[in-house]
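J.: Show me how the following folds:
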Amino acid sequence: MSDPAEDQNGRTVHAENIQSVTLACKVGLEACLPIASLKAHQWSENRLADFNLWDAGIGASSTSRASLEDRLATHPHLQQVMLNLLIVYKQSIAFCKTIGQSPTDSFEQ
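T.: Next comes the predicted model:
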């Protein structure tokens, strides 16, 4: 992640924000849908549905003033924790996708 900067209101902003990483997670989960081994027990569909429900409830990908990003603006440490958790989740999705596409995966067991 790049060094933080400040917006016109003096809030710390990063190159990645909660909204953009949330959308990246959603894209990653959607990319898992066609992978045969990740379809076992509807794993990929269930993860995407769970994520969409979470996002709809909390407003992580929202661009309105009611977005998670804006609601956490007065708590930058919580904003950073949420961002870090989403980044780790995005990396975990990519890892699952890689494993699911490998010829020797063990997801179907």
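J.: Where do the helices of this structure begin and end?
T.: Assigned by DSSP state H, the chain shows helices spanning 18-32, 43-58, 68-71, 76-101.
J.: Below-threshold pLDDT in this protein: ranges please.
T.: Regions of the chain meeting the criterion pLDDT under 70 cover residues 1-14, 104-109.
J.: Now stretch 33-44: buried residues?
T.: By neighbour count on 16 or more other C-beta atoms under 10 Å, the buried set for stretch 33-44 is I35, S37, L38, K39, W43, S44. For every residue, glycine as well, the C-beta is placed using N, CA and C.
J.: pretty sure K90 is touching A24, no?
T.: Yes - look at K90 against A24 with C-beta atoms under 8 Å: they come within range, at 5.3 Å.
J.: Overlap of the contact sets of the two?
T.: Taking C-beta atoms under 8 Å, 6 or more residues apart in numbering as the criterion, K90 and A24 do not both touch any residue.
J.: what's the distance between the nearest residue in space to D55 that is not next to it in sequence and W43?
T.: Nearest-residue entry for D55: S61, 5.3 Å, with adjacent residues in sequence omitted and distances by C-beta to C-beta, 6 or more residues apart in numbering. Counting by C-beta to C-beta, to the nearest Å, the separation of S61 from W43 is 22 Å.
J.: Then S67?
T.: Taking C-beta to C-beta as the measure, S67 and W43 are separated by 29 Å.
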